[in-house]
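A.B. asks: the following comprises the amino acid sequence and a computationally predicted model.
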Amino acid sequence: MAEKLDLISKRIRTFHDFPTKGIPFKDICLILKDPKALAAVTDLFEEHVRRTYPQVDLIVGIDARGFLFGPLLAQRLGVGFAPIRKKGKLPGPTLSVAYSLEYATAEAEMQEDAVSAGEKVLIIDDLLATGGTLYAACELIKRQKAEVLGCLVVIELKYLNGSEKLRSTPVFSLIQY
């Protein structure tokens with residue numbers, strides 16, 4: 001596990017003042033470029049989920065980088081994948097929730113039939129910062145009467161206390177800053 005985490009952490013770059021001044025943006029593009037690093041992320045998530053949440057029914061990925069890791073994990077686990085997108089990007093009836101980012105405000109939505117009542121769901125994204133995006137995702141899942149088992153992130157910025165916003169929802173992060 002330590003070897004995989006080391007490989008992953010070496011593939012994360014920081015770009016200062018992006019997308020706005022004062023934001024240290026954590027870039028995961030080198031993870032995606034390196035098949036061993038991408039496999040390490042998927043392996044570690046899979047091991048955690050099989051050990052902790054064997055009852056999971058669905059992986060929900062957050063726009064856009066949750067779409068990169070979510071389908072890989074869902075396929076490995078033999079479960080489905082559903083997207084949460086930025087408002088206005090999904091056809092058909094949708095549910096939406098407004099939320100705050102560390103540098104802006106946004107609105108997330110998902111199709112009304114993406115999650116069924118009673119399903120056990122894990123939410124995946126690349127980064128947990130202030131917790132606004134993951135909180136909104138949890139609210140969307142709960143509105144559909146499904147159970148949020150937990151959240152999975154590649155990177156957690158602990159100094160922003162985002163997991164506090166999620167309170168009773170467990171967060172599993174691979175790399176913490």
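C.D. replies: Great, that's in hand.

A.B. asks: make it CA atoms for all contacts and neighbour counts henceforth
C.D. replies: OK.

A.B. asks: show me what whichever strand or helix holds residue 149 is packed up against.
C.D. replies: Applying DSSP states H and E as the criterion places residue 149 in strand 147-156. With contacts defined as 3 or more C-alpha pairs under 8 Å, 6 or more residues apart in numbering; DSSP states H and E, strand 147-156 has these neighbours: strand 120-128, helix 132-143, strand 171-176.

A.B. asks: in stretch 75-92, what's buried?
C.D. replies: For stretch 75-92, the neighbour count (16 or more other C-alpha atoms under 10 Å) marks 77, 80-87 as buried.

A.B. asks: which residue is the nearest non-sequential neighbour of residue 30?
C.D. replies: In this structure, residue 30 finds its nearest non-sequential neighbour in residue 11, 5.1 Å apart by C-alpha to C-alpha, 6 or more residues apart in numbering.

A.B. asks: how about the one you found, secondary structure?
C.D. replies: coil (DSSP: H, G, I helix; E, B strand; the rest coil).

A.B. asks: gap between it and residue 19?
C.D. replies: 20 Å (C-alpha to C-alpha, to the nearest Å).

A.B. asks: and the residue nearest the centre of the protein?
C.D. replies: residue 125 (1.8 Å; C-alpha atoms, centre = their mean).

A.B. asks: OK, contacts around the residue lying closest to that residue once chain neighbours are set aside?
C.D. replies: Leaving aside its chain neighbours, residue 125 sits nearest to residue 66 (4.0 Å; criterion: C-alpha to C-alpha, 6+ apart). Contacts for residue 66 (C-alpha atoms under 8 Å, 6 or more residues apart in numbering) come out as 60, 124-126.

A.B. asks: in TSV, list those along with pLDDT and distance to residue 158.
C.D. replies: TSV is the format used below for those (pLDDT from 0 to 100; distance: C-alpha to C-alpha, whole Å):
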residue	pLDDT	distance to residue 158
60	98	23
124	98	17
125	98	15
126	98	14
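
A.B. asks: now the residues you listed as CSV including distance to residue 73?
C.D. replies: Output for those, formatted as CSV (distance: C-alpha to C-alpha, whole Å):
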residue, distance to residue 73
60, 10
124, 9
125, 12
126, 13
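
A.B. asks: one step back: which residues does the helix or strand following the strand holding residue 149 contact?
C.D. replies: Scanning forward in sequence from strand 147-156 by DSSP H and E, the next helix or strand is helix 162-166. Residues outside helix 162-166 that contact it (C-alpha under 8 Å, 6+ apart): 128-132, 134-135, 171.
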